[in-house]
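Visitor: A predicted structure for the sequence below; I have some questions about it.
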Amino acid sequence: MRPRHTRRRVALATALVALSTAAQALTAAPAGAAPAPTPRSTAVRSATASAVTDAEDRAARGIARSLGDSAWRTSLRTAALASDDVAVTPLAARTGHGPHSLLADADRRIAAAKGLDPKVGPLLRLRLGDRSMRKALTADTTPWVAVADSDDDAGTVTAYDSRGRAHRLDARRAPERPVYVVDIDSSEALAAGLDVLREELAKGGVRSAAPDAPLTAAANRTAAAEGGFWTTKIDAVELSDDEEPWVKGDAEVYTLVTGFGQDGKVRVDPVDMPYLDNDGTVYRPNQILVNWSNYKYDLADAVMMEEDGSTNYHDLAVAIAGALLTITDQGAYIPLVNAVLDAIPTEWWTDDPDYVDSWYTLAQNGNGTYHGARGNGWMTVEPYFVQQF
């Protein structure tokens, strides 16, 4: 299993909790910093998470039963040994084996639950639960099939055999028997989700630029006058190390940058961070985090999130837009996190709320290493001037 970090998973939708609170200046040393807001928690599972889990569970049981077909079992074994993630629905269609119609239906249900365009590509993926299982995945072995539970604190995971029987496995120790894990293609889901998020925020009156979107008229004038524009660039970033269940796969992390746009209205700019796969690893992406030509003030907030099954991007955008549009420019920077947190329906919060960490009141001239308010990561940033051609 490719390692994944923590309360990373404690995060990302996903998607947007904690978009900034009281103006809290970043300091190189986290000591004495005010704690980040604690996400609300409830035992109630969101309707989105339940719908996604139900679809995945149905797919897992269908795949498990289908492994009685030796030709399909061989095709799946070959694919699982050749790739860390198998697009199982297209594989079933291509080989003419496997429960293709059941898997296609599960894909549609997942896309609908997450508020994604029905035309989004197949989201279901299948992988071997842990790399230690590769030797045991022989031609005469019939693996069990499990679903990647979204609860980081789950002590057990359910796996199905080819007769449809359920088995409880230790979530913290990989079994010797090979187990296929059914999960969602987080990269595909996040890319489609951020498109929906930007589109719905714009419909709601909150500006949200795509990474390659042209500058606004005001930003263009500023950039033209200066021969380019200033940004904040991430030189290095690391998230904390925490134990994760073997059944978990890699996550997709993104950051929401928010502040007041050149028009004086609140804006939210999602930044995809697909390289953040492993905890305890220092990444050096040289990635632009904030494009200051989009902002009126030299302060903005950054909230790191994680994509998972509990995020409905359409509903999330509607809720956030409704909250942020009540905040008007008072001629000085205003923190926005409380409005965003209050906008998120209580039932959306589960034990795994997808919030990774927050960096508050990022300044345009910020330069150095800054620890997140939640204590789950750090970033080294510097001002970076993008020269116009």
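Guide: Structure received.
Visitor: And for residue 326, the neighbour number?
Guide: 9 (other CB atoms under 10 Å). Backbone N, C-alpha and C define where each C-beta goes, glycine included.
Visitor: Could you do residue 179 as well?
Guide: For residue 179, using other CB under 10 Å, the count is 25.
Visitor: Not counting residues beside it along the chain, what's closest to residue 181?
Guide: Of all residues not flanking residue 181 in the chain, residue 129 sits nearest, at 4.8 Å (CB to CB, 6 or more residues apart in numbering).
Visitor: That neighbour and residue 285: what is the separation?
Guide: 29 Å (CB to CB, to the nearest Å).
Visitor: Likewise for residue 107?
Guide: 31 Å.
Visitor: Look at these two and report which has more neighbours.
Guide: It is residue 107, of residue 107 and residue 285, that has more neighbours when counted by other CB under 10 Å, with 23 against 15.
Visitor: Can you point out the helix or strand that includes that one?
Guide: helix 100-113 (DSSP states H and E).
Visitor: Which parts of that helix count as buried, going by neighbours?
Guide: 100, 102-107, 109-111, 113 (16 or more other CB atoms under 10 Å).
Visitor: from the residues you listed, which is closest to residue 387?
Guide: Of all the buried residues of helix 100-113, residue 387 sits closest to residue 111, with 40.8 Å by CB to CB.
Visitor: Spatially nearest residue to that closest one (excluding sequence neighbours)?
Guide: With CB to CB, 6+ apart, the residue lying closest to residue 111 is residue 120, at 5.2 Å.
Visitor: before we move on, what about residue 132?
Guide: Nearest non-adjacent residue to residue 132, counting by CB to CB, 6+ apart: residue 174, 5.7 Å away.
Visitor: my guess is that neighbour meets residue 129, correct?
Guide: Yes. Counting by CB atoms under 8 Å, residue 174 touches residue 129, with 6.2 Å between them.
Visitor: which one of the two has more residues nearby?
Guide: residue 129 (27 against 19).
Visitor: all helices of the stretch 101-250 of the chain, in order?
Guide: 186-203, 217-226 (DSSP state H, counting those that start in this stretch).
Visitor: Comparing the ones you listed, which yields the minimum mean pLDDT?
Guide: In terms of average pLDDT, helix 217-226 trails the rest of the helices of the stretch 101-250 of the chain, at a mean of 63.
Visitor: Give me the domain ranges for this protein.
Guide: For the chain, automatic domain parsing gives the domain ranges 6-45+187-387, 47-185.
Visitor: Out of those domains, which gets the lowest mean score?
Guide: domain 6-45+187-387 (a mean of 74).
Visitor: what about stretch 300-316, how long is it end to end?
Guide: End-to-end distance of stretch 300-316: 21 Å, with CA to CA, to the nearest Å as the criterion.
Visitor: quick check, distance from that stretch to the centre of its chain.
Guide: Computed by CA atoms, centre = their mean, to the nearest Å, the chain-centroid distance of stretch 300-316 equals 7 Å.
Visitor: ok, so what distance separates the residue nearest to residue 111 from residue 147?
Guide: Relative to residue 147, and taking CB to CB, residue 120 is found at 20 Å.
Visitor: For the two, work out which one has more neighbours and name it.
Guide: Neighbour count, other CB under 10 Å: between residue 120 and residue 147, residue 147 has more, with 24 against 20.
Visitor: quick one: that one and residue 317, what's the gap?
Guide: 27 Å.
Visitor: go on, residue 156?
Guide: From residue 156 over to residue 317 (counting by CB to CB), the distance is 35 Å.
Visitor: For the two, indicate the residue with more neighbours.
Guide: residue 317 (26 against 14).
Visitor: would you say that one is within a helix?
Guide: Yes. Counting by DSSP: H, G, I helix; E, B strand; the rest coil, residue 317 is part of a helix.
Visitor: now it, nearest residue through space, not along the chain?
Guide: Closest to residue 317 by CB to CB, 6+ apart is residue 200, at 3.4 Å.
Visitor: pretty sure that neighbour is touching residue 312, no?
Guide: No. Because the distance of 10.6 Å does not satisfy CB under 8 Å, residue 200 is recorded as not touching residue 312.
Visitor: okay, these two: which has more neighbours?
Guide: It is residue 312, of residue 200 and residue 312, that has more neighbours when counted by other CB under 10 Å, with 27 against 21.
Visitor: which residues sit in contact with the closest residue to residue 235 other than its chain neighbours?
Guide: Spatially, and ignoring its direct neighbours in sequence, residue 235 is nearest to residue 380 (4.6 Å; CB to CB, 6+ apart). Counting by CB atoms under 8 Å, 6 or more residues apart in numbering, residue 380 touches 234-237, 368-370.
Visitor: tell me the two of those that are most distant?
Guide: The span of the contacts of residue 380, defined through CB to CB, is set by 237 and 368 at 13.3 Å.
Visitor: For these two, indicate the residue with more neighbours.
Guide: Legend: neighbour count by other CB under 10 Å for residue 237 and residue 368, higher for residue 237 (25 against 12).
Visitor: what residues are up against that one?
Guide: Contacts of residue 237 (CB under 8 Å, 6+ apart): 273, 276, 282-283, 285, 377-380.
Visitor: try 6 Å
Guide: Contact analysis of residue 237 by CB atoms under 6 Å, 6 or more residues apart in numbering lists 283, 379.
Visitor: ok, now how distant is the most centrally placed residue in the chain from residue 183?
Guide: Relative to the mean C-alpha position of the chain, the nearest C-alpha, by CA atoms, centre = their mean, is the one of residue 307, at 2.0 Å. Note on residue 307: its distance to residue 183, by CB to CB, is 12 Å.
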